[in-house]
Every structure is written in C-alpha cells, then in structure tokens.
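Colleague: I'd like to go over a predicted model; first the sequence, then the structure.
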Amino acid sequence: MKVTVVGAGAVGASCAEYIAIKNFASEVVLVDIKENFAEGKAMDLMQTASLNGFDTKITGSTNDYSKTAGSDIAVITSGIPRKPGMTREELIGINAGIVKEVSSNLIKHSPEVTIIVVSNPMDTMTYLVHKTTGLPKNKIIGMGGALDSARFKYRLSEALGAPASDVDGMVIGGHSDTGMVPLTRLATRNSVPVSEFISEERLSQVAEDTKVGGATLTKMLGTSAWYAPGAAVSGLVQAIACDQKKIFPCSTLLDGEYGLSDLCIGVPVVLGKDGIEKIVEIDLSDAEKAKLQESAEGVKKTNGLLEL
Ligand SMILES: NC(=O)C1=CN([C@@H]2O[C@H](COP(=O)(O)OP(=O)(O)OC[C@H]3O[C@@H](n4cnc5c(N)ncnc54)[C@H](O)[C@@H]3O)[C@@H](O)[C@H]2O)C=CC1
Ligand SMILES: O=C([O-])CC(=O)C(=O)O
C-alpha cells in the first residue's frame with residue numbers, strides 16, 4: 001500500500017506520522033514545493049521508526065511526482081491555512097490553483113489513485129478535484145466530517161463528564177464555521193441518548209462549540225490545527241487501505257441523495273477498498289434537513305467562485 005501526502009506542512013506531516021505509527025502502509029511519500037522540506041520531514045519521521053516501532057518507509061520529494069507513481073491513495077494538504085479572524089472560504093483564491101495543479105500531477109503518475117482532499121475550503125476543493133481529474137466519484141473523498149465528529153465527541157465528553165470513548169456522535173454538512181450540522185438528536189453515551197444526561201440548552205452549546213472548533217483553535221494557535229486533522233485523515237486512509245467498511249461522514253459528490261446534487265458535502269459513507277462504497281441515507285428530522293439544505297446553499301455559493 002503506497003500513500004502519497006502532498007503538502008509536508010503541519011497537517012501533512014501529522015497525517016504521515018499517524019499513518020506510520022498505525023503501521024498498515026508499506027510506503028508514504030511526502031511531497032512539498034519547498035526545496036528539501038518534504039525530504040527533511042521524511043528523514044525526521046524515519047528517525048522515529050525504531051522509537052515508535054513501525055516499518056512504514058517514509059520518503060520525501062520536492063515536487064517530483066515521478067516518486068509518487070503507483071500510489072493507491074493520495075492526500076492533498078497543500079495550500080495555505082487560515083489565520084485568526086479568517087474564514088476557510090477566504091482561502092479559495094490561493095488554494096484552488098494549488099489543488100488543481102496538484103491533483104493533475106497526481107493522476108498523471110497514479111491513474112488509479114483514490115484522493116483524499118484536506119485543503120480548504122475543503123468541500124469546494126473536493127468538487128474542484130472532480131472537475132480537474134474526472135476520477136470516478138467513489139475515488140474522491142473530502143475530509144472534514146471525521147474531524148468535526150471527533151471535536152463533537154470531545155465537547156460532548158466535556159459536557160457529560162465522560163470519556164470520549166464512551167460517547168458517539170456525528171457531524172454532517174459543509175466543513176465551515178456556519179455549515180456544520182452536529183446531529184445532537186442521535187448522539188449517545190454508551191447507547192443512551194445524551195439528552196437523558198444533559199439539558200437541551202447545554203446540548204445546543206455543545207453544537208455551537210463544535211461548529212467553531214477550527215476557528216477556536218486558529219485563534220489560540222495563530223494558525224489552524226494539525227494533530228486531530230492528521231489523525232482524522234489517517235483514519236480514512238486506514239479504512240480504505242485495510243478495507244474496513246467503516247462509516248465516516250465525508251464530503252462526497254451527491255447525485256440526488258439527501259435531495260442534493262452537483263456539490264460535494266459531508267454525509268455518512270462506508271469506506272473500504274473501493275473508496276466510498278456507499279452513501280448512507282439516514283432519516284433526518286425536518287429541522288436537520290433544513291440545516292443541511294442551508295449548508296448546501298453555502299457550499300454552492302463558494303463553488304460558484306471557482307473558475308471551471
Ligand atoms: N479539511 C480539514 O479538516 C482541514 C483542512 N486544513 C487545511 O489544510 C491545509 C494545510 O494546512 P497546514 O498543513 O496547517 O498548512 P502548512 O502551511 O503548515 O502546510 C502547507 C504546505 O503546503 C505546501 N505547498 C504549498 N503549495 C504547494 C504545492 N503547489 N505543491 C506542494 N506543496 C505545496 C507548503 O509549502 C506547506 O509546506 C490548509 O488549507 C488548511 O486550511 C487544515 C486542517 C483541517
Ligand atoms: O479551521 C481551519 O481552518 C482548519 C480546519 O479546517 C479545521 O481545523 O477544522
């Protein structure tokens with residue numbers, strides 16, 4: 001299993017590290033445009049192999065895509081992150097050009113690749129990768145919901161005074177400060193609806209804190225987060241590489257599912273060796289449907305800024 005990670009910055013390197021530590025891939029190739037940067041990150045990570053006990057071979061390349069040839073999975077993290085006070089949508093001007101170029105380069109050398117898109121604004125960048133590569137829709141996956149759901153579980157665990165491992169919950173919709181739809185109605189603590197333990201008011205606060213999870217960290221760190229994003233990407237890569245058939249909310253091209261079409265947005269999907277093997281349509285309440293619809297309108301507005 002060969003995995004390419006484009007962008008050896010904060011998220012790309014974190015993602016490569018988690019993939020290596022989980023020890024399921026034979027090879028990870030890091031690519032960056034900055035001279036010797038990916039090579040340096042790869043060397044630093046390889047020097048953790050004996051310490052962390054993994055056999056994955058990590059190499060780096062300065063924009064030489066021949067080194068990525070035959071990749072099974074590629075992750076696109078190249079592009080600029082936001083600074084405090086910015087929205088993800090404001091990154092489109094620079095990141096669209098980068099994502100377009102990177103995805104074209106990837107498929108030249110790996111025509112069968114499955115691409116996971118991370119660069120923001122992620123739902124729109126995922127749509128752009130469809131338009132650029134023409135890959136089948138099961139092979140293009142946007143990562144946002146896996147991270148947002150992890151943040152939802154973190155906030156739920158805080159509110160419940162319970163470990164995150166005792167909590168389950170999912171966030172669908174666009175990966176934006178206003179577009180996320182945390183499914184509070186379906187969140188559980190060890191199979192018991194969380195509404196049995198906390199008030200509606202507290203649950204609404206959990207949902208609001210979840211939606212601004214990325215912005216909150218950007219304000220604290222001066223740039224956006226990387227540990228949880230890297231871990232979330234590694235979970236998607238592992239599900240595909242190991243054919244796990246796990247459900248994650250991912251941004252995928254919709255064609256009538258949830259009453260939406262011609263956009264990529266976060267909905268639950270089954271991930272396995274063929275990438276997105278199924279889009280799972282769950283019964284949403286009228287209020288949840290309305291929120292998803294509103295979120296989709298936001299994503300479509302951002303898609304409208306693309307020069308296709
Ligand atoms: N979808 C999600 O849930 C998340 C998305 N992000 C997004 O991921 C992206 C990366 O974030 P960070 O790693 O924090 O940024 P970073 O600045 O640390 O790393 C980005 C890297 O991309 C490289 N790069 C730029 N243009 C390139 C090109 N044409 N080819 C190859 N490499 C290129 C840069 O040299 C840099 O090393 C941002 O757009 C950020 O908003 C970040 C966290 C979560
Ligand atoms: O907040 C950002 O800009 C980066 C991101 O998408 C996240 O951490 O959720």
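Modeller: It's in. Ligands and ions are numbered 1, 2, ... in the order given.
Colleague: going forward, measure contacts and count neighbours with C-alpha atoms only.
Modeller: OK.
Colleague: The stretch 151-300 of the chain: helices as residue ranges?
Modeller: 200-211, 213-221, 227-241, 286-303 (DSSP state H, counting those that start in this stretch).
Colleague: if we compare those helices, which one ends up closest to ligand 2?
Modeller: Of all those, it is helix 213-221 that lies closest to ligand 2, at 3.4 Å by CA to the nearest ligand atom.
Colleague: What are the contacting residues of the closest one?
Modeller: 82, 83, 84, 85, 87, 148, 151, 177, 223, 224, 225 (CA atoms under 8 Å, 6 or more residues apart in numbering).
Colleague: Including neighbour count, could these go into JSON lines?
Modeller: Formatted as JSON lines, the contacts of helix 213-221 follow (neighbours: other CA atoms under 10 Å):
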{"residue": "82", "neighbour count": "22"}
{"residue": "83", "neighbour count": "16"}
{"residue": "84", "neighbour count": "15"}
{"residue": "85", "neighbour count": "11"}
{"residue": "87", "neighbour count": "17"}
{"residue": "148", "neighbour count": "29"}
{"residue": "151", "neighbour count": "25"}
{"residue": "177", "neighbour count": "17"}
{"residue": "223", "neighbour count": "17"}
{"residue": "224", "neighbour count": "21"}
{"residue": "225", "neighbour count": "21"}
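Colleague: Please go through those residues and note which also touch ligand 2.
Modeller: 82, 224, 225 (CA under 6 Å from any ligand atom).
Colleague: Also near ligand 1: which of those, exactly?
Modeller: 82, 224, 225.
Colleague: got any ranges where this structure has weak pLDDT?
Modeller: In the predicted model of the chain, no residue satisfies pLDDT under 70.
Colleague: Tell me the residues on it that lie near ligand 2, please.
Modeller: So far as CA under 6 Å from any ligand atom goes, the chain lies against ligand 2 at 81, 82, 88, 214, 215, 224, 225.
Colleague: how close does the fourth one sit to residue 78?
Modeller: For residue 214, the distance to residue 78 (CA to CA, to the nearest Å) stands at 18 Å.
Colleague: ok, the closest residue to residue 83 other than its chain neighbours - contacts?
Modeller: Closest residue in space to residue 83, ignoring its immediate chain neighbours: residue 223 at 5.1 Å, by CA to CA, 6 or more residues apart in numbering. Shown in contact with residue 223 (CA under 8 Å, 6+ apart): 81, 82, 83, 84, 217.
Colleague: mind putting the ones next to ligand 2 among the contacts of helix 213-221 in JSON lines, distance to residue 36 included?
Modeller: Putting these into JSON lines (distance: CA to CA, whole Å) gives the following:
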{"residue": "82", "distance to residue 36": "24"}
{"residue": "224", "distance to residue 36": "23"}
{"residue": "225", "distance to residue 36": "23"}
